[in-house]
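K.L.:
Below is the sequence, then the predicted model.
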Amino acid sequence: MDQISLSKKNQFLKNNYSRLWLAINHHRTHRNKPITFNKHLYLKKIYIDKSDYIVIIKSTQCGISEYAIVYVVDFTSLGYSAFYVLPTDPIKNRFVQNRFDRSVIFTPYYQSLLREAPDVNKAASSVSLKHISGGTVAFAGSNTPTPFAEFPADILIVDEYDLCDLSHVIMGEERLSHSDFRHELYISNPTITDYGIESLFKDTNQQEWENKCCNCGKYVRMDFFKNVVREIDVATYALLDTEWDESCGRDIHVICDKCNKPMDRFSDGEWVENNFSYRKSGYHIHKLFSSNAAIIDIVDRFNRGLSNDEIMQRVYNADFGRGYTAPGAKITSELLNNCIKDFHLPPNGNNTNVSDKLVVMGIDVGTRLHVRINEVKPDHSRIPLYIGIVNNYDDIVELHRNFNVKLGVIDAQPETRFSKKVVATLSGMFMCFYGDVKRDIIDPKYRIITVDRTSSLDAIKEMLILHTINLPKNVASIPEYYSHMQSLTRVYNEASGKYRWIGDNPDHFFHAENYALIAQRLMIMLMGRGK
């Protein structure tokens, strides 16, 4: 009787909650272990969530990578096409070879699905394309646009969303445009506050996990600053587990904020919605309930992070599953205000007496054209002559003539055709590409310069700190200037192993400022070469 009941239960799971059925009955991890929900009770609802749009903002080591594999197999085995995006091609290759392929090798049921595929050898060997039963999954790195233009899909999975090139991810969303069965899954450790996965999460039902306290029976939404430590002075914290010390031979307890007694952080609980959303499911996962990581290790990292912004960034992102903006990682209004000098910009770009001046121009291309024009002094200091927004090519021609621009830089992407026209028709203009280069690369024949994006933007912030960028008294009246200059944040990108400037909001004046500085640097180099 028990065996019959178990069989009926499995059939019910298969028919109604296929992902959970796959996880319980078949899936093996890349280490050849079954999925266990012991100490991972929070995962069950995620596995049975039938929403067509799911956002998971998470810490590390929480079981979501296995969920993503099951998610893909579930849909492709039904004949759908999935597009699986990871930050870069090397990361994509490692994930497919070390996680996906090994899971297939250790899971007989997955192997049977691959044998049903129309091209078994290709499915088994390719790190970019797998045929699973009647469906297909294409894996792509977000660092190149090519795969995003050629694969029609029903399912989009973006893994480590915050580390991806989001301009290409948007192209991935377009791959679903012709599907009547559109499902999206976004997964990531967060990076900075209100960016990337945190922004996506805000548009969902924002579910948070609440554990049931084993002592008082009340539900507790665990939080590091509410259930592990409390602040007793500025940047000084004390453990709530007052009986713990290094000699007691146990981990630090998480303390219930309802009854002030230790609680089981892996106990059963429930997901609680904090926002209304008709169709978008969001889950926030952090290590207090999702990982076997010792609390003492999290506390130790947090204490070290109090004096190291990079460590604190990782604590918030990888342990708390929260975005973090380190002090000093952004340009602030205070930095900008400190660069204001005793002069005004003339209105409407009117200018006289420029014939004997060295004038450079920076143009950032978007829906409108954001322009910075500087006079370069003999000591290489710069005085702004124009900071503003114009609408079209004719406006650029007029500014170029009125200010007698000697050398200018315009961004090469995304409007390459427009940029080529400016370079071809206006003297001294160069196109700029952001690239992974250690030093500026100049092609004077085609008037192209390639620079490292991060280091060139770093230079803008350094000059603001040193007050070597001069701003007029009326700079606050320039629409969007302050918001654009403060829109980016400098963070460490684990996918590339480098820092980068990221942000969701418009940043055109920041780049126009940068292109004007590149133009000045380019002018000095070309003058040194006698060109």
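P.N.:
Arrived safely, thanks for sending.
K.L.:
And the protein, what are its domain boundaries?
P.N.:
Under automatic domain parsing, the residue ranges defining each domain of the chain are 18-206, 216-267, 333-529.
K.L.:
First-to-last residue distance for the shortest one?
P.N.:
The first residue of domain 216-267 is 13 Å away from its last residue (Cα to Cα, to the nearest Å).
K.L.:
tell me the mean pLDDT over it?
P.N.:
Mean pLDDT, domain 216-267: 94.
K.L.:
Please identify which of the domains of the chain is closest to residue 291.
P.N.:
Proximity of those to residue 291 was assessed by Cβ to Cβ; the nearest stretch is domain 18-206, lying at 4.5 Å. Every C-beta, even on glycine, is put in place using the N, C-alpha and C of the backbone.
K.L.:
ok, back up a step: reformat the domains of the chain as JSON lines; add distance to residue 306.
P.N.:
Shown next, in JSON lines, are these (distance: least, Cβ to Cβ, whole Å):
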{"stretch": "domain 18-206", "distance to residue 306": "18"}
{"stretch": "domain 216-267", "distance to residue 306": "5"}
{"stretch": "domain 333-529", "distance to residue 306": "18"}
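K.L.:
Which one of these lies nearest to residue 325?
P.N.:
Closest approach to residue 325 among the domains of the chain is made by domain 18-206 (4.7 Å; Cβ to Cβ).
K.L.:
Could you give the separation of that closest one from the chain centroid?
P.N.:
Relative to its parent chain, domain 18-206 has a centroid offset of 17 Å by Cα atoms, centre = their mean, to the nearest Å.
K.L.:
try stretch 520-528
P.N.:
On the basis of Cα atoms, centre = their mean, stretch 520-528 sits 35 Å off its chain's mean C-alpha point.
K.L.:
Enumerate the positions of that stretch that are buried.
P.N.:
In terms of neighbour count (16 or more other Cβ atoms under 10 Å), stretch 520-528 has its buried residues at 520-523, 526.
K.L.:
so who does residue 142 touch?
P.N.:
By Cβ atoms under 8 Å, 6 or more residues apart in numbering, residue 142 lies in contact with 85-88, 158, 164-166, 168-169, 172.
K.L.:
now residue 235
P.N.:
For residue 235, the residues meeting the contact criterion (Cβ under 8 Å, 6+ apart) are residue 306.
K.L.:
Now do the phi/psi pair for it.
P.N.:
Listed backbone geometry of residue 235 is phi 60, psi 30, with angles given as degrees, to the nearest 10.
K.L.:
Quickly note the distance from it to residue 244.
P.N.:
For residue 235, the distance to residue 244 under the criterion Cβ to Cβ, to the nearest Å works out to 21 Å.
K.L.:
Relative to residue 315, which of the domains of the chain is closest?
P.N.:
Each of the domains of the chain was scored for nearness to residue 315 using Cβ to Cβ, and the closest is domain 216-267 (8.8 Å).
K.L.:
Name the nearest of the buried residues of stretch 520-528 relative to residue 251.
P.N.:
residue 521 (54.0 Å).
K.L.:
wait, the closest one sits on residue 432?
P.N.:
No: taking contact to mean Cβ atoms under 8 Å, the distance of 10.9 Å between residue 521 and residue 432 leaves them out of contact.
K.L.:
Need the overlap of contacts for these two.
P.N.:
Taking Cβ under 8 Å, 6+ apart as the contact criterion, residue 521 and residue 432 have no common neighbours.
K.L.:
picking that back up, quick one: closest of the domains of the chain to residue 279.
P.N.:
Once the domains of the chain are compared by Cβ to Cβ, domain 18-206 is nearest, at 5.8 Å.
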